[in-house]
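Asker: Structure, please.
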Amino acid sequence: LRKGSKPPAALGHPDRARRLRQDQESCGGVSKELPDPYVSLVLLPDRGRSTKRKTGVQKKTLNPDFNERFEWDMSLDEASRRKLEAQVKSTVSFMSREKEVLGKLHLDLAQVDLSEGGTHWYELRDERSSP
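Answerer: Predicted coordinates:
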């Protein structure tokens with residue numbers, strides 16, 4: 001996910017299987033300092049453990065390459081009633097457990113053709129400059 005440009009994220013429900021799949025490829029240009037970014041994904045409206053996924057942390061980079069795949073066990077019909085929340089986060093400091101949200105996206109899965117899949121680019125909202 002890129003702030004200011006659109007990042008590649010493949011989202012689909014291949015072969016009508018009971019799995020929703022999301023491939024997180026890259027993220028860039030999210031901060032002026034060198035963050036330790038990762039992407040947090042949640043299928044809303046539930047915020048339970050079964051709907052949450054996150055990438056590994058990429059150390060000290062503005063252009064991380066995640067190349068990770070996530071799957072959720074659910075039907076295409078159920079997936080189309082959900083929203084995907086993607087947040088690019090970074091640890092605030094070495095000694096802190098606090099996380100800084102660098103950018104955020106809410107994607108209504110009813111508006112995406114999940115049966116086709118494919119790679120799409122989406123804009124992030126900059127959480128630090130939002131009211």
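Asker: give the contact list for Ala86.
Answerer: 1, 9, 39-41, 104-105, 107, 122, 124 (Cβ atoms under 8 Å, 6 or more residues apart in numbering). Every C-beta, even on glycine, is put in place using the N, C-alpha and C of the backbone.
Asker: so which two of those are the farthest from each other?
Answerer: Ser40 and Tyr122 (14.9 Å; Cβ to Cβ).
Asker: just the CA coordinates of stretch 47-63, formatted as CSV?
Answerer: Provided in CSV are the C-alpha atoms of stretch 47-63 (Å, rounded to 0.1, in the frame of the first residue of the first chain):
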residue,chain,number,x,y,z
ARG,A,47,-12.5,-7.7,15.1
GLY,A,48,-11.9,-11.2,16.6
ARG,A,49,-8.7,-13.1,16.3
SER,A,50,-10.1,-15.2,13.4
THR,A,51,-10.5,-12.1,11.1
LYS,A,52,-7.1,-10.5,11.8
ARG,A,53,-3.9,-11.0,9.9
LYS,A,54,-0.6,-9.1,9.7
THR,A,55,2.6,-9.1,7.6
GLY,A,56,6.0,-9.5,9.1
VAL,A,57,7.9,-6.3,10.0
GLN,A,58,10.3,-4.8,7.5
LYS,A,59,13.1,-3.0,9.3
LYS,A,60,14.1,0.6,8.6
THR,A,61,12.6,1.0,5.1
LEU,A,62,10.3,3.3,3.2
ASN,A,63,9.7,0.7,0.5
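Asker: related to what we said a few turns ago, if you go by neighbour count, which of the contacts of Ala86 are buried?
Answerer: By neighbour count, with 16 or more other Cβ atoms under 10 Å, these hold 1, 9, 39-41, 104-105, 107, 122, 124 as buried.
Asker: Please, where are all the strands along this structure?
Answerer: For the chain, the strands defined by DSSP state E occupy 8-12, 19-26, 37-44, 52-54, 65-73, 83-91, 99-108, 119-121.
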